[in-house]
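Peer 1: no sequence on hand, only this structure:
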């Protein structure tokens, strides 16, 4: 082999490509885990707030509880709102669900209700006493 030749050998190129492949696959799997953790955290937060609201509803005899999702043009806001017997509303808990989360609930008659940032709305939560 000529010592004056410059460049990389085939073996060196294969080793570098193999290392790059390993690093890329590890980083993609970590990114997937981060996304899954974010979704699980949002679901856990929402479940906790719904359970907390259920407890308060049953103890304080409030009329209606709604899960509302709306956007103010900048951020998506999701909160649990209490509608009292006199018609006034209290925003109880803000739930951090992120900007691209969709909430789907099923009604008693089997229909699904979807809340998303593009379709601001509400889901009424009712609990048997």
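Peer 2: Now that the structure is in, tell me what you want to look at. Predicted model, so just to flag it, every value in this text is computed and none were measured.
Peer 1: in the chain, where is pLDDT below threshold?
Peer 2: Where the chain drops to pLDDT under 70, the residues are 1-4, 53, 56-57, 60-108, 112-129.
Peer 1: make it 80
Peer 2: 1-5, 34-129 (pLDDT under 80).
Peer 1: any idea how far residue 59 is from residue 52?
Peer 2: 11 Å (C-beta to C-beta, to the nearest Å). Glycine gets a C-beta too; all of them are placed from N, C-alpha and C.
Peer 1: of the two, who's got more company?
Peer 2: Ranked by neighbour count (other C-beta atoms under 10 Å), residue 52 and residue 59 place residue 52 first, with 13 against 8.
Peer 1: dihedrals phi and psi, residue 110?
Peer 2: In this entry, residue 110 is assigned phi and psi values of phi 90, psi 0 (degrees, to the nearest 10).
Peer 1: burial count for it?
Peer 2: Residues lying near residue 110 (other C-beta under 10 Å) number 6.
Peer 1: how near is it to residue 41?
Peer 2: Per C-beta to C-beta, residue 110 is found 29 Å from residue 41.
Peer 1: can you classify residue 30 as helix, strand or coil?
Peer 2: Following DSSP: H, G, I helix; E, B strand; the rest coil, residue 30 is assigned to helix.
Peer 1: roughly how far does it sit from residue 24?
Peer 2: To residue 24, residue 30 is 11 Å away according to C-beta to C-beta.
Peer 1: got it, and residue 6?
Peer 2: To residue 24, residue 6 is 28 Å away according to C-beta to C-beta.
Peer 1: check residue 109 too.
Peer 2: According to C-beta to C-beta, residue 109 stands 49 Å off from residue 24.
Peer 1: now residue 54: which helix or strand?
Peer 2: Using DSSP states H and E, the element containing residue 54 is helix 10-60.
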